[in-house]
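>>> next one to model:
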Amino acid sequence: RVEAFYAVRDFRPAWRRPEAVTAFTTALDTLAGDGLRPADYAADRLVAAHRRAYAGDGPIDERARFDIVVTRLLLTALRHLDRGKVDPASLEADWDVPLPPFSPDMDALSDDVDALDFETAFARARPDYAPYHRLRTALAHYRRIRDAGGWPALPSLDTALHPGDRAPAVAVLRRRLAVTGAPVGDSADPARYDDALAGAVRHFQRHHYLAVDGVVGTATRAALNVDVDARIDQIRVNLERARWLLHGLPRSFVLVDIAGYRLTYYRPDHKPWHTRIVVGTPYRRTPALRSRITHLTFNPTWTVPASITWPELLPRIRRDPGYLAREHLQVLTPEGRALDPATIDWRDPPAVVLRQRAGADNALGRVVFRFPNPYSVYLHDTPARALFDRPRRAFSHGCIRVEHPLELARLLLD
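The predicted structure follows:
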């Protein structure tokens with residue numbers, strides 16, 4: 001890539017002018033807004049290095065080496081913005097999101113360097129999608145909070161704080177939430193836990209996947225007392241994850257936030273559409289992947305995976321002979337031929353496949369959204385509607401259950 005950059009310039013130097021190095025150094029400082037560290041790109045040493053290379057009549061090869069080093073730093077910064085600094089496969093052994101080669105437009109980049117327009121070069125590289133922009137905005141917001149002194153920590157509580165209580169800790173709670181811009185209201189008695197403060201606490205609980213009851217107990221206090229530096233680090237980590245995933249997407253795409261139990265459909269010229277989801281349990285996690293939704297199945301049957309049939313359903317069938325009929329499960333040979341369950345010795349069954357008929361009680365509900373992937377996971381409806389009201393919704397075998405699937409189907413088909 002270094003050679004390709006110089007080839008489009010007919011091998012003219014790019015960094016002979018001191019103002020080019022100064023402008024690049026200034027631009028590198030802006031990478032802090034993406035959660036990156038400008039010092040990792042020698043931002044604090046380039047001006048002095050340029051001065052040394054061009055001091056007096058020094059050897060020309062030293063200037064050439066300086067030029068190549070700075071170009072390599074520019075390309076490295078662009079690659080980190082484009083797809084992340086850390087190799088995700090080094091952190092997650094099952095990472096399976098293929099990326100195309102990093103191939104910046106060298107003609108445009110050469111023009112940017114000559115025009116000292118590094119912000120345009122950086123903007124072209126970083127993900128141009130709403131989730132990434134929102135994370136950058138949040139990072140700046142929390143850094144301003146940190147620079148203003150952060151937020152106070154709630155003291156240890158003998159008992160939980162309930163709406164209507166009056167205690168010195170309530171005034172601390174009010175200041176803690178006000179720092180982040182929560183609407184805590186103007187109270188004549190800051191130590192009283194009034195309705196406005198209770199509303200701000202419930203909003204905080206909802207966004208931190210806690211029980212939304214307005215009661216400040218152990219879990220809510222622990223979340224409130226995570227310090228601002230830790231929150232900044234979380235945002236920086238998520239900016240990196242966004243750089244791993246947000247590449248070359250169409251302007252319309254579905255984003256499944258596994259940890260946040262939420263699906264968002266982003267469409268050009270429309271507000272994002274959100275719905276709650278249920279995801280995989282900690283021991284059967286929903287995998288990280290990227291794919292294209294290719295088709296929908298309405299009123300699906302459900303072929304039960306062997307990983308569920310044998311360890312989970314077989315013990316139930318042995319205990320309750322009516323289980324198969326009650327759950328509308330057919331018993332098939334691996335080739336698809338129907339079997340009579342009454343003729344099978346369920347203490348030592350042969351190789352069989354269980355298939356649940358379509359209907360109101362089918363585990364996949366009324367519609368399935370399918371996309372190619374090696375994990376056999378998909379988005380689908382579910383009859384278990386009560387689970388969507390839980391604050392933490394990790395209950396599936398890996399697939400993603402959607403709260404409003406027919407609305408999502410209508411939007412996709414539109």
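
>>> nearest residue to the middle of this protein?
Ranked by distance to the mean C-alpha position of the chain (Cα atoms, centre = their mean), the top residue is Asp257 at 5.4 Å.

>>> my guess is it contacts Thr275. True?
No. In this structure, Asp257 is not within contact of Thr275 by Cβ atoms under 8 Å, at 11.0 Å. Any C-beta I mention is one placed from the backbone N, CA and C, and that applies to glycine too.

>>> which residues are in contact with both of those two?
Leu263 (Cβ atoms under 8 Å, 6 or more residues apart in numbering).

>>> and stretch 74-91, what's buried?
74-75, 77-85, 88 (16 or more other Cβ atoms under 10 Å).

>>> what about it, how long is it end to end?
Stretch 74-91 stretches 25 Å from its first residue to its last (Cα to Cα, to the nearest Å).

>>> what's in contact with it?
For stretch 74-91, the surrounding residues in contact (Cβ under 8 Å, 6+ apart) are 1-2, 5, 24, 28, 31, 34, 36, 41, 95, 97, 99, 102, 104, 109, 113, 118, 121-122, 125-127, 240-241, 243-244, 247.

>>> what segments of this structure are strands?
Using DSSP state E, the strands found in the chain span residues 253-257, 262-266, 273-280, 295-298, 302-303, 329-332, 338-339, 353-356, 367-370, 379-380, 394-396, 400-402.

>>> okay if I get those strands as TSV plus distance to Phe66 and mean pLDDT?
What follows is those, written out as TSV (distance: least, Cβ to Cβ, whole Å; pLDDT from 0 to 100):
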stretch	distance to Phe66	mean pLDDT
strand 253-257	42	95
strand 262-266	43	96
strand 273-280	50	96
strand 295-298	55	96
strand 302-303	63	91
strand 329-332	71	92
strand 338-339	76	92
strand 353-356	67	94
strand 367-370	53	97
strand 379-380	53	97
strand 394-396	53	91
strand 400-402	51	97
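
>>> for Pro163, find the nearest of these.
Nearest to Pro163, of all these, is strand 273-280, at 25.3 Å by Cβ to Cβ.

>>> quick one: strands adjacent to the closest one?
Its sheet considered, strand 273-280 pairs with strand 262-266 (antiparallel), strand 394-396 (parallel), strand 400-402 (antiparallel) by DSSP bridges.

>>> now list the buried members of the contacts of stretch 74-91.
Buried among the contacts of stretch 74-91 (16+ other Cβ under 10 Å): 1, 5, 24, 28, 31, 34, 36, 41, 104, 109, 113, 118, 121-122, 125-127, 240-241, 243-244, 247.

>>> among those, which lie within helices?
Among the buried ones among the contacts of stretch 74-91, the ones falling in helices (DSSP state H) are 5, 24, 28, 109, 113, 118, 121-122, 125, 240-241, 243-244.

>>> report the two of those residues separated the most.
Across these (Cβ to Cβ), the longest gap, 29.7 Å, separates Val113 and Arg241.

>>> need the contact partners of the lowest-mean-pLDDT helix or strand in the chain.
The weakest-scoring helix or strand in the chain, judged by mean pLDDT, DSSP states H and E, is helix 306-308 (a mean of 86). The contact list for helix 306-308 (Cβ under 8 Å, 6+ apart) reads His397.

>>> now do that helix: distance to the chain's middle.
Remark: helix 306-308 is offset 29 Å from the chain centroid, using Cα atoms, centre = their mean, to the nearest Å.

>>> same question, stretch 276-291
Computed by Cα atoms, centre = their mean, the chain-centroid distance of stretch 276-291 equals 12 Å.
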